[in-house]
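A.B. asks: Structure for the following, please:
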Amino acid sequence: MNNATQLLRFITAGSVDDGKSTLIGRLLHDSKSIFEDQLSAISRTSEKRGMAAVDFSLLTDGLQAEREQGITIDVAYRYFATPKRKFIIADTPGHEQYTRNMVTAASTANLAVILVDARKGVLTQTRRHTYLASLVGIPHIVLAVNKMDMVDYSEAIYNEICEEYLEFAAQLGLYNITCIPLSALQGDMLVDRGDNLGWYQGTTLMDLLENITIDYDVNTTDFRYPVQWVCRPQTGEFHDFRAYMGRIEAGEVAVGDEITVLPGGRTSRVKEIVTYDGNLQTAYAPQSIAITLADEIDISRGDMFVKSDTMPTVAKEFEAMLCWLSESPLGMNRKYIIKHTTRMVKCVFARLDYRVDVNTLAQHETASLNMNDIARVAMKVQSPLVFDPYRRDRASGSFIVIDEATNNTVAAGMVL
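C.D. replies: Numbers count the residues shown, from 1 in each chain. From the prediction side, this is the model:
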């Protein structure tokens, strides 16, 4: 797939005042992705505040509460494009009490830019953000050592920070990491190389974002197709037409392939692959399609098409890592619903194994979960789910938990 047709989703994360919002603002400005009136507006605001230069962080810190506190609270999404690629940036909160915001944004990201202030080095929050990036399976990590202008662009300080960070990341099984020294304020190594980091021979941040390969971030091996809708027009020439609509979450499928419908286990062959633009012989993740089958099988929303040589797990019990999102604590006796792919089933929490201290990675026994807690749990569902470990496939390995009484989403989970 050509980079120009691809969308790269990436998050920025770091401690307070590491310069995330400034970095994003500078990226947007230097890649000519902001309008003149936007630039004029933030220039005027910067001038009113007595700043000598334009404060690019104003482009992303949109909430009034953030402006007042000088921090990022909610996730600020920004869309921009260059001739090489399209991007969605999520500027995530740095504070521990906004862990749930970061987990939500990171769950769909291809890449994480984790900022470190060159003056402060690797902090507790740096480790926490790296753990969360590892937890949600972000494939690519960039360690952006920011504010190099504040340490006289010291190569020794940069090398020391990178060495400490890579050692920690290895403990989490993270190895696909690129380290970049930069100054978001001055613009060094963001879009242009600048004049101050001649000793660094690697890529600029923008060059990396435009050229990193994300074709393999989707599971291309295991065909997973959750049925979203059964299409039966029953009118005119389509009187006998029956197709199963949805999005391919992993793998590929071709006309003639034998598929198994889970959780029932019946098999058939793919007769047609239908799209708005005409029929296809082969379709790939993440295309949205409709499939017709050679046989009439009782199929409904929530069923999943798979291939018999790469079968997922079908079970009523499983273990998962869970991020609690709700202000109301987990009630072991409360009724909850799991939404997994296109299927919704009632569930109970069978066990709370431990809560993770996201700052130290220590595991603590717990009898309940509060907002922003991350824990290992065991769950039981009323009817079977069709799933893979989250590490193998994000779509079939993730779920949300809904409070049956309030209909609020209370947790996000990743199957182990």
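
A.B. asks: how much space between G121 and A156?
C.D. replies: Per C-beta to C-beta, to the nearest Å, G121 is found 12 Å from A156. Where C-beta positions appear, they are placed from N, C-alpha and C, glycine not excepted.

A.B. asks: Looking at these two, which is more packed in?
C.D. replies: Using other C-beta atoms under 10 Å as the criterion, G121 and A156 rank with G121 on top: 14 against 8.

A.B. asks: Helix, strand or coil: sort out the residue nearest to R376 when sequence neighbours are not counted for me.
C.D. replies: Distance criterion C-beta to C-beta, 6 or more residues apart in numbering; nearest residue to R376, sequence neighbours excluded, is D353 at 4.1 Å. Under the three-state scheme (DSSP: H, G, I helix; E, B strand; the rest coil), D353 adopts strand.

A.B. asks: so what's D353 up against?
C.D. replies: When contacts are counted by C-beta atoms under 8 Å, 6 or more residues apart in numbering, D353 touches E319, A375, R376, V377, A378.

A.B. asks: switch the cut-off to 7 Å
C.D. replies: R376, V377, A378 (C-beta atoms under 7 Å, 6 or more residues apart in numbering).

A.B. asks: Quickly find the element holding the residue nearest to the second one when sequence neighbours are not counted.
C.D. replies: In space, V377 comes closest to L322 once its chain neighbours are excluded; the distance is 5.0 Å by C-beta to C-beta, 6+ apart. Using DSSP states H and E, the element containing L322 is strand 313-324.

A.B. asks: which residues touch that strand?
C.D. replies: Contacts for strand 313-324 (C-beta under 7 Å, 6+ apart): 99-100, 103, 135, 262-263, 330, 350, 369-381, 384-388, 410-416.

A.B. asks: now swap in stretch 369-376 and tell me
C.D. replies: Stretch 369-376 is contacted from outside by 96-97, 99-100, 319, 321-327, 329-330, 352-356, 358, 366, using C-beta under 7 Å, 6+ apart.

A.B. asks: one more time with 6 Å, if that's ok
C.D. replies: Residues outside stretch 369-376 that contact it (C-beta atoms under 6 Å, 6 or more residues apart in numbering): 99-100, 321-324, 327, 329-330, 353-356, 358.

A.B. asks: Name the nearest of those residues relative to E163.
C.D. replies: Distance to E163 across the contacts of stretch 369-376 (C-beta to C-beta) is lowest for V358, with 23.0 Å.

A.B. asks: Excluding chain neighbours, give the residue nearest to the closest one in space.
C.D. replies: R128 (4.6 Å).

A.B. asks: List the buried residues in stretch 115-123.
C.D. replies: Buried residues in stretch 115-123, counted by 16 or more other C-beta atoms under 10 Å: L115, V116, D117, A118, V122, L123.

A.B. asks: For it, the averaged confidence score.
C.D. replies: The average of the pLDDT scores along stretch 115-123 is 95.

A.B. asks: before we move on, what about stretch 376-387?
C.D. replies: The average of the pLDDT scores along stretch 376-387 is 97.

A.B. asks: Kindly report the same for stretch 301-321.
C.D. replies: Across stretch 301-321, pLDDT averages out at 96.

A.B. asks: What is the neighbour count of the residue nearest to V358?
C.D. replies: Neighbours around R128, by other C-beta under 10 Å: 21.

A.B. asks: Can you tell me the SS state at it?
C.D. replies: Judged by three-state DSSP, the three-state class of R128 is helix.

A.B. asks: how far away is it from V314?
C.D. replies: 35 Å.

A.B. asks: Please apply the same query to V218.
C.D. replies: Going from V218 to V314 by C-beta to C-beta gives 22 Å.

A.B. asks: So between those two, which is more surrounded?
C.D. replies: V218 (19 against 15).

A.B. asks: which residue sits closest to the more buried one in space, ignoring its chain neighbours?
C.D. replies: Here the residue nearest V218, using C-beta to C-beta, 6+ apart, is A285, at 4.9 Å.

A.B. asks: Tell me the confidence at that neighbour?
C.D. replies: At A285, pLDDT is 92.

A.B. asks: Isn't it up against G246?
C.D. replies: No: counting by C-beta atoms under 6 Å, A285 does not reach G246; the two are 11.3 Å apart.

A.B. asks: Among the buried residues of stretch 115-123, which one lies nearest to I402?
C.D. replies: L115 (33.8 Å).

A.B. asks: Surely the closest one is within a strand?
C.D. replies: Yes: under three-state DSSP, L115 falls within a strand.

A.B. asks: With adjacent residues omitted, what lies nearest to it?
C.D. replies: In space, and not counting its chain neighbours, L115 is closest to G14: 3.3 Å by C-beta to C-beta, 6+ apart.

A.B. asks: Need the phi and psi values for that neighbour.
C.D. replies: With angles defined as degrees, to the nearest 10, G14 sits at phi 180, psi 180.

A.B. asks: Low-confidence ranges, this structure, go.
C.D. replies: 1-5, 35-39, 42, 46, 52-76, 94-97, 234-239 (pLDDT under 70).

A.B. asks: just so I have it, where are all the helices in it?
C.D. replies: Per DSSP state H, the chain carries helices over the ranges 20-30, 36-48, 64-69, 99-106, 124-135, 155-171, 205-211.

A.B. asks: still on that earlier bit, would you format the contacts of D353 as a markdown table with distance to L174 included?
C.D. replies: A markdown table is the format used below for the contacts of D353 (distance: C-beta to C-beta, whole Å):
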| residue | distance to L174 |
| --- | --- |
| R376 | 19 |
| V377 | 24 |
| A378 | 26 |
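
A.B. asks: In ChimeraX, select just the buried ones from the residues you listed.
C.D. replies: The buried subset of the contacts of D353, as determined by 16+ other C-beta under 10 Å, is captured in ChimeraX by this line:
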select :376,377
